[in-house]
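K.L.:
Return atomic coordinates for the entry below.
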Amino acid sequence: MEERIIKSAVFLLLFINGILDWKKGEISLASLGAFGAAGIGLNMWLDYQSFFEVAGGIGLGILLLVTAFFTREAIGFGDGLLLCVTGIYLGFWENLNLLFLGAVCSAGILGFGILAGKIKLADRVPLVPFLLLAFMGRLIL
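P.N.:
Numbering: from 1, shown residues only. The predicted structure is shown next:
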């Protein structure tokens with residue numbers, strides 16, 4: 001039961017922000033705040049993760065925020081904030097898995113796009129739709 005609630009919340013978070021990121025190139029800070037607060041509340045109520053698992057999951061998002069700062073947003077700040085929130089729900093290892101699979105999906109799809117001449121290396125591409133694709137793949141498999 002609790003796993004369904006957690007997975008549903010993460011799916012909804014990624015779905016909402018995946019659409020926004022694809023269409024507008026932005027992530028909703030209001031949704032991040034609402035889902036973040038709900039995630040903390042759910043974790044306190046269901047007690048499904050330790051403090052250290054949650055802190056590790058958030059830490060991965062913070063690492064992306066630091067990377068965004070030093071790369072002048074080659075990775076967006078919104079992506080780092082989003083991974084902070086997914087880290088509340090998933091913990092470190094699941095969040096790392098989500099990021100890794102999203103990056104692999106992104107590299108594969110964008111690689112074909114570059115080879116087909118549809119995408120240029122200089123193009124900015126949103127990350128969240130690929131995170132959503134990776135999460136949906138994990139749910140199905």
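K.L.:
hey, let's count contacts and neighbours off CA atoms from now on
P.N.:
Fine.
K.L.:
other SSEs contacting the top helix by length along the chain?
P.N.:
Under DSSP state H, the helix in the chain containing the largest number of residues is helix 77-115. When contacts are defined as 3 or more CA pairs under 8 Å, 6 or more residues apart in numbering; DSSP states H and E, helix 77-115 sits against helix 2-24, helix 29-46, helix 51-70, helix 128-140.
K.L.:
will you turn these into a markdown table that also has mean pLDDT, mean neighbour count and distance to A107?
P.N.:
Supplementary listing: these in a markdown table, determined by pLDDT from 0 to 100; neighbours: other CA atoms under 10 Å; distance: least, CA to CA, whole Å:
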| stretch | mean pLDDT | mean neighbour count | distance to A107 |
| --- | --- | --- | --- |
| helix 2-24 | 96 | 17 | 16 |
| helix 29-46 | 96 | 15 | 26 |
| helix 51-70 | 96 | 19 | 18 |
| helix 128-140 | 96 | 19 | 9 |
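K.L.:
For those helices, could you give me JSON lines that also reports distance to G80?
P.N.:
Below are the helices and strands packed on helix 77-115 laid out as JSON lines (distance: least, CA to CA, whole Å):
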{"stretch": "helix 2-24", "distance to G80": "13"}
{"stretch": "helix 29-46", "distance to G80": "11"}
{"stretch": "helix 51-70", "distance to G80": "5"}
{"stretch": "helix 128-140", "distance to G80": "10"}
